[in-house]
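Student: please find the sequence and the predicted model below.
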Amino acid sequence: MLKAITFDFWQTLYADSHTNWQSRQAVRVNLCHTYLVGRGYSCTPEDIAGGLDVAYNLTSVRWHQHLGVAVVTCMEAFAERLHLSLDETELSALVSLLGAAFLEAPPILIPDAKLVLARLSENYPLGIISDSALTPGSFVRQLMARDGILEFFTAFTFSDETAHTKPEVVQFYSTLKQLNVEPAEAVHIGDIFRTDIVGAKNAGMKAIRFTGFNKTETNDTLSDAVVDDYRQLEAAIVELSK
């Protein structure tokens, strides 16, 4: 019997597009450039964009190594790329600006998710297990609060706040400990086979792959169910609870 449900964030609860990412990146560049010039540093928007590429590439490398990385560490790589000696206050300010850019050009809550989450939260404790890039988990929480869904969740595991990423089972066990359930009593919902599905199954959980936006996964041999619409999710969960 299922007693808890965990969700991935990107492309599972919230949908993002390349166009939206480009908008967010433009805001990041503008905010960071304005801040650094205001602090007396000499740099161009092109320098900022190049530094952010280095910062993002660090998250990508660590992600493929299944290692979490703090956003401030990424911004240290950014500063090194621009040959800037930034203190802790300045690095922290840049991290906050990345979060502000996320809130200005956010991903979009997937249709019907809020209604379904509200109903599910009446019967199950809910958790988030998300891999981060240049968006701190603290700002993800802010977006969820703004959209009125944070209240449905009681557990959060973001890779920028831990030493690991999915599919490392410690990410799943950390969340399950917060939810006070055993792996066999929980199901994880996510869109990526090698991280969400493999990780959940290795942790001893059930797994549902959400295909509403990520259509690239074609090698799924482990999911207990596959849904492409939140209106199908409750029935899938009921079936897995039998």
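Tutor: Everything's here; your move.
Student: tell me, how many residues neighbour Asn219?
Tutor: 8 (other C-beta atoms under 10 Å). All C-beta atoms are positioned from the backbone trio N, CA, C, and that covers glycine.
Student: what comes into contact with stretch 158-176?
Tutor: 4, 6, 8, 62-63, 66-71, 127-132, 135-137, 140, 155-157, 182-183, 186, 188, 190, 192, 194-196, 198-200, 202-203, 205 (C-beta atoms under 8 Å, 6 or more residues apart in numbering).
Student: quick one: the strands in this protein?
Tutor: Assigned by DSSP state E, the strands in the chain fall at 4-7, 14-15, 108-109, 126-130, 153-158, 186-190, 206-210, 225-227.
Student: out of these, flag the one nearest Ala79.
Tutor: Closest approach to Ala79 among the strands of the chain is made by strand 153-158 (22.6 Å; C-beta to C-beta).
Student: separation between the residue of the chain most remote from its centre and Arg81?
Tutor: Centroid-distance maximum for the chain: Gly40 at 33.5 Å, with C-alpha atoms, centre = their mean. Distance, Gly40 to Arg81, by C-beta to C-beta, to the nearest Å: 19 Å.
Student: ok so, going back, of all the strands of the chain, which lies closest to Ala145?
Tutor: For Ala145, the closest of these is strand 153-158, at 10.2 Å, according to C-beta to C-beta.
Student: of the contacts of stretch 158-176, keep whichever come out buried.
Tutor: 4, 6, 8, 62-63, 66, 68-71, 127-132, 135-137, 140, 155-157, 183, 186, 188, 190, 192, 195-196, 198-200, 202-203, 205 (16 or more other C-beta atoms under 10 Å).
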